[in-house]
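Participant: here is the input, now give the coordinates:
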Amino acid sequence: MVLTVDVGNSRIKAAVFEESTVLESFVFEKNELEKKIKKILKKFQNCSDLVVASVGNVEKQSFLIFEKQLNIHFLTHEDPFPFINRYATPKTLGIDRMVLAAGATLQFPKKNRLVIDAGTCVTYDFIDEFDNYLGGAISPGLGLRYDALHNYTARLPLLAVEASGSYIGATTAQAIHSGVVNGFVYEIDGFIDEYRANFPNFIIILTGGDTEFLAKRLKNTIFANSNFLLESLNQTFQYKIDND
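Facilitator: Modelled structure (predicted):
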């Protein structure tokens, strides 16, 4: 069994795999890391490997306390990946984005793939049908957009994410929801339309914490999987084993 852990900007996601099958997945806060992993390992005592991809500010030592129980692997830019990295500054490409690109490459061979990860930030990552990673885009996620309106204005309230009932907001709150949610959906559909116009044989993968909220609002057909990064972590680790 393999325990995969994704340390994001806001929270930690984890999953236990038996080969390619997810046995159970978890979401928890960073300050719960040690307690939660202990609980997971107690339940799944046959875990032999812990695979970590981190963009958050969690120290490696937080994981190394478990090194007597299982093998610990921190994915880095030096590991083998199943694509050619054409990013102009490859060392600055987030390891989470590389893992997503690896999963898309392995799960959807010989296709043009756009991976959209909608979390604290929304990232767009494009891998062409010849397995070249070409780059993408980064923009604020839903929560950051609400935060920015409140923090950088004098009077706009801080609102929680909420579906917009109308394009025409009749109150300040409705106007914020319409602007944030509809603007976000238009952004994503706009990116998809641009890629689709330029690349045939195209697939869109939507993942991240806002997957469910967004999937039913996008006009484009997508493959939605909120656990895609964790699945990709497991696949990237298996690829690493086979290609080291």
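
Participant: distance of residue 11 relative to residue 33?
Facilitator: 10 Å (Cβ to Cβ, to the nearest Å). In short, each C-beta sits where N, CA and C put it, glycine included.

Participant: looking at those two, which one has more neighbours?
Facilitator: Per other Cβ atoms under 10 Å, whichever of residue 11 and residue 33 has more neighbours is residue 33, with 19 against 16.

Participant: so the more buried one sits against residue 12, correct?
Facilitator: Yes: in this structure, residue 33 is within contact of residue 12 by Cβ atoms under 8 Å, at 6.2 Å.

Participant: where do the contact lists of these two overlap?
Facilitator: residue 58 (Cβ atoms under 8 Å, 6 or more residues apart in numbering).

Participant: name the residues of stretch 180-196 that come out as buried.
Facilitator: For stretch 180-196, burial by neighbour count (16 or more other Cβ atoms under 10 Å) applies to 180, 181, 184, 185, 188, 191, 192, 195.

Participant: could you do stretch 111-130 as well?
Facilitator: In stretch 111-130, counting by 16+ other Cβ under 10 Å, buried: 111-128.

Participant: quick one: end-to-end length of that stretch, please.
Facilitator: 8 Å (Cα to Cα, to the nearest Å).

Participant: now do stretch 177-188
Facilitator: Across stretch 177-188, first to last residue, Cα to Cα, it's 17 Å.

Participant: pLDDT of it, averaged?
Facilitator: Average pLDDT, stretch 177-188: 94.

Participant: ok, and what's touching it?
Facilitator: The list of residues contacting stretch 177-188 from outside it, by Cβ under 8 Å, 6+ apart, reads 116, 118, 122, 139, 142, 145-146, 149, 159, 161-169, 214, 217-218.

Participant: now the residue of the chain most remote from its centre: how far from residue 31?
Facilitator: Distance from the C-alpha centroid of the chain, by Cα atoms, centre = their mean, peaks at residue 170 (34.3 Å). The spacing between residue 170 and residue 31, counted by Cβ to Cβ, is 41 Å.

Participant: kindly report the same for residue 220.
Facilitator: Counting by Cβ to Cβ - residue 220 and residue 31 are separated by 38 Å.

Participant: higher neighbour count, those two?
Facilitator: Taking neighbours as other Cβ under 10 Å, residue 220 and residue 31 compare with residue 220 leading, 15 against 10.

Participant: once you drop chain neighbours, what's closest to that one?
Facilitator: In space, residue 220 comes closest to residue 192 once its chain neighbours are excluded; the distance is 4.5 Å by Cβ to Cβ, 6 or more residues apart in numbering.

Participant: now do the SS call for that neighbour.
Facilitator: helix (DSSP: H, G, I helix; E, B strand; the rest coil).

Participant: tell me who's in contact with it.
Facilitator: Neighbour list for residue 192: 114, 116, 204, 218, 220, 222 [criterion: Cβ under 8 Å, 6+ apart].

Participant: A strand includes the fifth one, no?
Facilitator: No: read with three-state DSSP, residue 220 is coil and lies in no strand.

Participant: test my guess that it contacts residue 196.
Facilitator: Yes: applying Cβ under 8 Å, one finds residue 220 in contact with residue 196, separated by 7.5 Å.

Participant: okay, now the domains of the chain?
Facilitator: With domains defined by automatic domain parsing, the chain comprises 2-74, 84-233.

Participant: what's the span of stretch 208-226, first residue to last?
Facilitator: 5 Å.

Participant: buried ones in it?
Facilitator: Result for stretch 208-226 [16+ other Cβ under 10 Å]: buried residues 208, 209, 210, 211, 213, 214, 218, 222, 223, 224, 225, 226.
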